[in-house]
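Trainee: pasted the sequence and its predicted model underneath.
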Amino acid sequence: MKLKKYKYLNYVPAPVHLKSNNYDLVDDEAFCRPDGRIPLLIATQYGIFPSKGSYKGKRDYSQLKGLEYQTVGFIKRAYLSDREYGGIIEMLLDLKTIERIRKKDLKIDFSL
């Protein structure tokens, strides 16, 4: 079985512009495990989604914990609507980038 380029959490709203044959739906464990696929998250006007409290019992990805040293993709989407902007912004989460995000020196939001 050939892996797709991206992987996407199986409990968040599906991407509008990305065809499903470009990503695999996975759970939190598979999402964070490096396997050659790029994890996709949503960047809203409020920051990275899903965040704390978005889904009961699910991870908070706002600080990108568990995704260190991986390339992660961001889809730009307006929160609580289907308005999504085409394209994916990919970013390597090296130690310096992670530190900047966690200290809020680098904000990842809808204005990417």
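Mentor: On my side now, so go ahead.

Trainee: what's the helix or strand containing residue 90 in contact with?
Mentor: Using DSSP states H and E, the element containing residue 90 is strand 84-92. The contact list for strand 84-92 (CB atoms under 8 Å, 6 or more residues apart in numbering) reads 6, 15-18, 38, 40, 43, 70-78, 97, 108, 112. Any C-beta I mention is one placed from the backbone N, CA and C, and that applies to glycine too.

Trainee: list buried residues within the residues you listed.
Mentor: Buried by 16 or more other CB atoms under 10 Å: 6, 15, 18, 38, 40, 43, 70, 72-77, 97, 108, out of the contacts of strand 84-92.

Trainee: just those: which are in strands?
Mentor: Counting by DSSP state E, those place 6, 38, 40, 43, 72-77 in strands.

Trainee: farthest pair in these?
Mentor: Distance extremes for these: the farthest pair is 38 and 77 at 16.9 Å, using CB to CB.

Trainee: and the residue nearest to residue 55 when sequence neighbours are not counted, what's its pLDDT?
Mentor: Taking CB to CB, 6 or more residues apart in numbering, and ignoring the residues beside it in sequence, residue 55 has residue 11 as its nearest neighbour in space, at 5.9 Å. Here the pLDDT value assigned to residue 11 is 95.

Trainee: is it fair to say residue 11 lies in a strand?
Mentor: No - counting by DSSP: H, G, I helix; E, B strand; the rest coil, residue 11 is not part of a strand but coil.

Trainee: go ahead and confirm it touches residue 57.
Mentor: No - Residue 11 lies out of contact with residue 57 (CB atoms under 8 Å); the separation is 9.9 Å.

Trainee: neighbour-wise, which of those two wins?
Mentor: Counting neighbours by other CB atoms under 10 Å for residue 11 and for residue 57 shows that residue 11 has the greater number, 13 against 6.

Trainee: please report how far that one lies from residue 102.
Mentor: Note on residue 11: its distance to residue 102, by CB to CB, to the nearest Å, is 24 Å.

Trainee: what's the longest helix seen in the chain in contact with?
Mentor: For the chain, the helix with the greatest residue count under DSSP state H is helix 95-102. For helix 95-102, the surrounding residues in contact (CB under 8 Å, 6+ apart) are 63-64, 68-69, 91, 93, 105-108.
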